[in-house]
Structure formats: C-alpha cells, structure tokens
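Q: turn this into a model:
(one chain, ligands or ions: 2)
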Amino acid sequence: MSTVITNIAGLVTNDPSVGDGSPLGLIRDAAVVIDGDRIAWIGGSSGAPATDHRVDAGGRAVLPGFVDSHSHLVFAGDRTEEFNARMSGRGYTAGGIRTTVAATRAASDEDLERNLTHYLGEALRQGTTTFETKSGYGLTVEDEARALRIAARHTEEVTYLGAHIVSPDHADDPAAYVALVTGEMLDACAPYARWIDVFCEKGAFDGDQARAILTAGRAKGLHPRVHANQLTYGPGVQLAVELDAASADHCTHLTDADVAALADGNTVATLLPGAEFSTRAAWPDARRLLDAGVTVALSTDCNPGSSFTSSVPFCIALAVRDMGMTPDEAVWSATAGGAAALRREDVGRLTVGARADLTLLDAPSHVHLAYRPGVPLVTGVWRRGVREV
Ligand code: NIG
Ligand code: FE
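A: Ligands and ions are numbered 1, 2, ... in the order given. Model (predicted):
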C-alpha cells in the first residue's frame with residue numbers, strides 16, 4: 001500500500017543536500033510518498049506520483065517523527081509530593097529514586113506494562129515515533145530483568161540502568177552492589193538490552209565505579225551511554241567520550257575540558273530540559289555546545305522524579321526559549337540528533353529508504369513548535385508507514 005502526502009508547506013527532511021540546503025533540508029510546497037514502512041519518494045508537490053491513497057496536508061508542516069533517545073518509562077507510582085515540596089523550595093537529589101524503586105518492585109508485570117503503554121500513547125500523540133527507555137527502578141536481578149523484558153516488547157532501544165543508584169538493599173556496601181550490577185544482574189539483563197547506562201553523579205556512582213560498570217557491559221555486547229554532569233561537575237562526560245558512549249546525557253555542568261572532549265569525540269550531548277524545568281535548576285547551555293561543534297540531541301528524560309513530561313514539543317520550546325537554540329536547531333536535535341544519540345540512520349530523517357515515521361503539524365512551519373508553546377500542534381503521526389494519529 002502506498003500513500004502520497006501532498007501540499008506540505010514546509011517539509012523538514014534533515015537532508016542538507018535537498019531543499020534550502022540548511023541542516024534541516026527544508027523543502028517548500030513538498031510531497032512525500034510512503035510505500036509500506038519506508039519513504040519511497042520526496043519532491044515538489046506538483047510532481048508527486050499517483051499512489052493508492054492521497055492525503056492533502058493543506059499547507060501544513062511535516063517533519064520526521066521525534067526520536068526521544070532518553071526516557072525512564074518502566075515504573076509505578078508518582079512523586080507528586082516530592083514535586084510539590086521542590087516547588088516550595090526544596091532541592092532535587094538522587095535519593096527520591098528510592099520512592100519509585102519501592103513502588104515499582106511492588107507492582108505487577110501487568111501494571112508496569114499498562115503504565116508504559118499509557119506514557120507511550122502520550123508520546124505518540126505528541127509526535128514521538130522512536131523512543132529509548134531504561135530499567136533502573138528495580139535494582140534487583142529479577143526486577144531489572146523484568147523491566148527490560150517489558151520494555152523490549154515496545155522498543156528496540158532498551159537500556160540496562162541497574163546502576164541508577166546503589167540499591168537500598170546494599171546501602172552499606174556499594175562495592176557489593178557494583179559487583180552485582182557487573183555480574184549476575186548484567187547476565188540476566190544483557191539479553192534484553194542494547195545499551196548500558198550509569199548515573200555518574202554524587203549520591204549515585206563515582207567515575208571509577210561508572211568505568212567498571214560500563215566496561216563490564218561492553219564486554220557483554222552492550223554499548224555505553226551515561227547520565228553525566230547533571231547535578232554537579234564530575235567525570236561523567238569525559239568518561240563517556242573516552243569509552244565512545246553513544247551519548248552523554250544531561251550535560252548541565254560542563255567545564256571547558258568537557259566541552260572540548262565532546263567536540264573532539266564521537267559522543268552526542270543529549271540535553272534534557274524537562275529535568276531542569278521540574279527541578280528548578282539552571283539550564284544546560286546548548287549554545288556553548290553548538291558553537292563548539294558538538295552534536296546535540298534533545299529528549300524528554302520522562303520519569304516520575306526529575307522530568308515527568310512525555311512531550312518533545314515542550315522540550316523544543318524550552319530549548320529555544322532558555323537554552324540558546326534556534327527553532328531549526330531544536331527541531332534537528334529532537335529528530336536527527338536523537339537518531340545520532342542512538343546511532344541510528346534509518347530514523348530522524350525523511351530520505352528515500354528511511355523509515356516512514358512522520359509528524360504532521362497543524363501549523364504552516366516547524367518553527368511553530370517553539371512559537372506556540374503548550375499548544376497541541378501534532379495532528380497526524382505515521383509510524384512505520386501506518387497512520388497512528
Ligand atoms: O535522568 N538522573 C537520574 N535519573 C533520572 C531521575 C530519576 C528520578 O528522579 O526518578 C534523570 O533525571
Ligand atoms: Fe535520565
């Protein structure tokens with residue numbers, strides 16, 4: 001079955017060789033042909049070939065489906081009280097994770113999966129067609145493995161985060177917990193995961209522990225990504241680059257040496273402004289990273305503690321308003337940037353042969369994602385060629 005979408009006022013392709021020649025490869029008055037689950041043709045609206053099915057975009061904008069390369073969606077419960085306390089002046093610490101660990105352990109598989117599909121539905125309705133998600137709220141061999149088993153039913157981008165915090169069961173013996181995370185827990189989790197992550201931060205894992213954990217994961221065929229430099233300066237970013245992690249996530253507190261390492265390395269800086277919004281912290285400086293030539297991704301970090309939003313459009317608006325990004329840069333980072341953070345070439349762009357993941361906005365331009373914050377602009381979503389919204 002083939003579908004042509006015609007009369008697209010502005011088509012974001014992320015292919016700089018077409019359209020306006022910018023990184024977004026913006027084509028005006030465009031059409032796209034979807035054949036099966038792939039993009040089959042892209043060009044001017046008037047030259048569009050005949051297909052089985054025709055959709056008139058009505059002079060609106062189309063862009064690649066968002067690639068949310070960082071979320072924590074296998075959990076139970078919420079942390080309304082903690083958020084409320086923060087908004088009355090209390091600070092955020094990693095310790096709140098324990099609340100969600102207790103709720104997640106107590107939940108049934110069915111409850112966890114129902115929760116996950118609920119938040120995935122939210123994300124899809126806001127234009128997300130590819131997402132990564134992590135374990136990290138189980139922290140026992142069985143609870144981490146079941147989180148990943150459930151996640152793997154919904155995405156190929158599954159991350160083992162047994163090293164989220166030291167499990168409360170091992171509070172007196174962090175070394176024993178690191179041994180578990182790099183041993184029995186890793187063995188149980190590796191079959192379900194593509195990635196290994198560690199929260200490298202004060203109150204979680206230090207640089208030496210993080211190195212041991214990521215190295216052990218790599219030996220089992222998992223590729224590293226790192227929660228780095230979120231709450232304080234620290235070794236996470238440079239460790240990520242050294243280990244060729246796909247992504248260093250958060251990047252809120254960066255020295256010049258951290259920025260230089262990212263610029264020289266192959267690691268994407270994934271910025272998660274929902275976390276700064278919900279913890280009332282200072283914004284990561286996207287401008288500084290972009291000006292240094294760093295590849296930047298923008299994602300939600302959706303989790304019940306530090307960033308309870310599934311909305312990539314919201315993150316785009318924050319990044320433009322408060323992190324020095326242009327609307328074009330923010331849209332690129334939430335699509336092609338997310339794909340780069342997952343080392344994917346088949347998503348995050350609209351080129352012939354790419355996956356037919358598209359978002360139709362009820363707006364004439366992708367710029368409206370930042371210009372009209374909080375407005376539900378996503379009016380159509382195709383995932384693998386199937387219209388879902
Ligand atoms: O990415 N930083 C560590 N993990 C999450 C927060 C988890 C939580 O508070 O439950 C994050 O912000
Ligand atoms: Fe996170």
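
Q: let me see the mean pLDDT of stretch 304-320.
A: The average pLDDT within stretch 304-320 is 98.

Q: typed the wrong thing, it's stretch 144-155
A: Confidence over stretch 144-155 (mean pLDDT, whole number) is 98.

Q: if we ignore the residues flanking it in sequence, what's nearest A292?
A: Using C-beta to C-beta, 6 or more residues apart in numbering and skipping the chain neighbours, the partner closest in space to A292 is A263 (4.5 Å). (C-beta placed from N, C-alpha, C; glycine too.)

Q: and if you look at Q209?
A: Nearest non-adjacent residue to Q209 (C-beta to C-beta, 6+ apart): V178, at 5.3 Å.

Q: for L231, same thing?
A: With C-beta to C-beta, 6+ apart as the criterion, L231 has its nearest non-adjacent residue at 5.5 Å, and that residue is E201.

Q: residues near that neighbour, how many?
A: 21 (other C-beta atoms under 10 Å).

Q: show me what contacts it?
A: Neighbouring residues of E201 by C-beta atoms under 8 Å, 6 or more residues apart in numbering: 94, 227, 230-232, 234, 236.

Q: and if we set it to 10 Å?
A: Shown in contact with E201 (C-beta atoms under 10 Å, 6 or more residues apart in numbering): 93-94, 165, 210, 227-232, 234, 236, 250.

Q: which SS state does the residue nearest to A292 fall under?
A: helix (DSSP: H, G, I helix; E, B strand; the rest coil).

Q: what does the stretch 101-250 of the chain put close to ligand 1?
A: Counting by C-beta under 6 Å from any ligand atom, the stretch 101-250 of the chain comes close to ligand 1 at 199, 227, 230.

Q: take those and keep only those in strands.
A: Counted as lying in strands by DSSP state E, out of those, are 199, 227.

Q: with distance to A370 added, can I get the residues of the stretch 101-250 of the chain next to ligand 1 in a markdown table?
A: Shown next, in a markdown table, are those (distance: C-beta to C-beta, whole Å):
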| residue | distance to A370 |
| --- | --- |
| F199 | 30 |
| H227 | 26 |
| Q230 | 24 |
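
Q: quick one: mean pLDDT over stretch 48-62.
A: When pLDDT is averaged along stretch 48-62, the result is 96.

Q: how about that stretch: buried residues?
A: Judged by neighbour count using 16 or more other C-beta atoms under 10 Å, the buried positions of stretch 48-62 are 48, 51, 55, 57, 60-62.

Q: try stretch 10-21
A: Buried-residue list, stretch 10-21, by 16+ other C-beta under 10 Å: 10-15, 18-19.

Q: same question for stretch 243-252.
A: Neighbour-count burial for stretch 243-252, counted by 16+ other C-beta under 10 Å, picks out 243, 245-252.

Q: for stretch 260-269, same thing?
A: Residues of stretch 260-269 classed as buried: 261-262, 265, 267-269 (neighbour count, 16+ other C-beta under 10 Å).

Q: tell me which entries of the buried residues of stretch 48-62 lie within strands.
A: Within the buried residues of stretch 48-62, residues falling in strands by DSSP E are 55, 57, 60-62.

Q: report the two of those residues separated the most.
A: Spatial extent of these (C-beta to C-beta) is set by the pair V55 and A61 at 13.9 Å.

Q: and the gap between the residue nearest to Q209 and ligand 1?
A: Remark: distance between V178 and ligand 1 (C-beta to the nearest ligand atom, to the nearest Å) = 17 Å.

Q: what about that residue, which SS state?
A: Reduced to three states with three-state DSSP, the structure at V178 is helix.

Q: about what we covered before: nearest to ligand 1, of the buried residues of stretch 260-269?
A: A269 (14.3 Å; C-beta to the nearest ligand atom).

Q: just the C-alpha atoms of stretch 211-229, please, in PDB.
A: Extracted C-alpha coordinates of stretch 211-229, given in PDB (Å, rounded to 0.1, in the frame of the first residue of the first chain):
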ATOM      1  CA  ARG A 211      34.000   2.900  34.300                       C
ATOM      2  CA  ALA A 212      33.900  -0.600  35.800                       C
ATOM      3  CA  ILE A 213      30.100  -0.900  35.100                       C
ATOM      4  CA  LEU A 214      30.300   0.400  31.500                       C
ATOM      5  CA  THR A 215      33.300  -1.700  30.700                       C
ATOM      6  CA  ALA A 216      31.600  -4.800  32.100                       C
ATOM      7  CA  GLY A 217      28.500  -4.000  29.900                       C
ATOM      8  CA  ARG A 218      30.700  -3.600  26.900                       C
ATOM      9  CA  ALA A 219      32.200  -7.000  27.400                       C
ATOM     10  CA  LYS A 220      28.700  -8.400  27.200                       C
ATOM     11  CA  GLY A 221      27.900  -6.600  24.000                       C
ATOM     12  CA  LEU A 222      26.000  -3.600  25.400                       C
ATOM     13  CA  HIS A 223      27.000  -0.200  24.200                       C
ATOM     14  CA  PRO A 224      27.500   2.600  26.700                       C
ATOM     15  CA  ARG A 225      25.600   5.800  27.300                       C
ATOM     16  CA  VAL A 226      26.000   7.900  30.500                       C
ATOM     17  CA  HIS A 227      23.900  10.100  32.800                       C
ATOM     18  CA  ALA A 228      26.700  12.700  33.100                       C
ATOM     19  CA  ASN A 229      27.200  16.100  34.900                       C
END
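
Q: neighbours of the closest residue to V268 other than its chain neighbours, just the number please.
A: Spatially, and ignoring its direct neighbours in sequence, V268 is nearest to A341 (4.2 Å; C-beta to C-beta, 6+ apart). A341: 31 surrounding residues under other C-beta under 10 Å.

Q: assess the claim that the residue nearest to A292 and G293 are in contact.
A: Yes. Counting by C-beta atoms under 10 Å, A263 touches G293, with 4.9 Å between them.

Q: what helix or strand is the residue in the chain that ligand 1 sits nearest to on?
A: Nearest residue of the chain to ligand 1, counting by C-beta to the nearest ligand atom: G305, 2.2 Å away. Per DSSP states H and E, G305 falls between elements, in no helix or strand.
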